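[1] need a 3D model of the following:
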Amino acid sequence: IALGLSKGRDGTALFESHHLLVTHEKLYKILFKYKVREEVAKKLRTYDSRDDGAHYEWDGFEDDDFVKDMKSLLLEYFGPIAKKRGITLRQATKA
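    Numbers count the residues shown, from 1 in each chain. This next block holds a predicted model:
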């Protein structure tokens, strides 16, 4: 369902927020495979019609205090579940 929300739109923010525990470097390697040409990118729209068209600045994303807090809370919650069940952290977030 979430992937369908980005059809015809810039899905970077959705992708980033959905994969918060994956390193930014690894995410960009994945995203690079789906990079669209500039002329196509100009035609993409965002989900929210109120958006002014500016792009989120991803530099420093992993150093942002909010992102650090979110990752910490996710690890605090899902870490013990993963350990208890003998599964990976990623699997625990999907369970």
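
[2] what pLDDT does the model give the residue positioned nearest the centre of the chain?
    When CA atoms, centre = their mean is applied to the chain, the residue found nearest the centroid is Glu16 (1.3 Å). We have a pLDDT of 77 for Glu16.

[3] the one 10 residues further on now?
    The per-residue pLDDT reported for Lys26 equals 86.

[4] measure it to Glu62 for me?
    11 Å (CB to CB, to the nearest Å). Glycine gets a C-beta too; all of them are placed from N, C-alpha and C.

[5] which one's more surrounded, these two?
    Neighbours were counted for Lys26 and for Glu62 using other CB atoms under 10 Å; Glu62 has more, 14 against 10.

[6] next up, phi/psi of the closest residue to the more buried one other than its chain neighbours, please.
    With sequence-adjacent residues excluded and distances taken as CB to CB, 6 or more residues apart in numbering, Glu62 is closest to His24, at 5.0 Å. With angles defined as degrees, to the nearest 10, His24 sits at phi -60, psi -40.

[7] number of residues surrounding Gly11?
    Gly11, neighbours per other CB under 10 Å, totals 20.

[8] now swap in the one 4 residues further on and tell me
    When neighbours are counted by other CB under 10 Å, Phe15 registers 17.
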